[in-house]
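> what's the 3D shape of this:
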Amino acid sequence: MPERLFRIGDLVRYTPFSRQTIHNYTIMGLIRESKWTQGGHRLYDESVFETLRKIDELKKKMTLTEIKEILSTERNSVRLADAS
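Predicted coordinates:
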């Protein structure tokens, strides 16, 4: 079964975040697109919803820079675990 991919508009519709916030989080590296359309639009997989929920929760106590470090560390841990 093909994976489900979402455009920025879908993320705006299903989350409390604006289009600009989604764009900024992508540029900052807080979230990552999974693929691109032929027209150059970003596509995100389902895991982005959990990441956005986590960002929303962490924003209550941390800066976006601190959140970026946490998410980066988590991604690196997952990559290392997948590699072994």
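
> what's around L5, how many residues?
By other Cβ atoms under 10 Å, 16 other residues sit near L5. Using the backbone N, CA and C atoms, a C-beta is placed for each residue, glycine as well.

> Identify the residues contacting it.
For L5, the contacting residues are 34-35, 43-45, by Cβ atoms under 8 Å, 6 or more residues apart in numbering.

> which stretches of the protein have low pLDDT?
Where the chain drops to pLDDT under 70, the residues are 79-80, 84.

> Quick check: phi and psi at W36.
phi -130, psi 150 (degrees, to the nearest 10).

> Do I have it right that it meets Y44?
No - using Cβ atoms under 8 Å, W36 is not in contact with Y44; the gap is 10.8 Å.

> of these two, who's got more company?
More crowded of W36 and Y44, by other Cβ under 10 Å: Y44, with 23 against 10.

> Identify, by residue count, the longest helix of this protein.
Using DSSP state H, we find that the single longest helix of the chain is helix 64-83.

> Show me the contact partners of that one.
By Cβ under 8 Å, 6+ apart, helix 64-83 touches 28-30, 51, 54-55, 58-59, 62.

> Separate out the buried members of the residues you listed.
In the contacts of helix 64-83, burial by neighbour count holds for 30, 51, 55, 58, counting by 16 or more other Cβ atoms under 10 Å.
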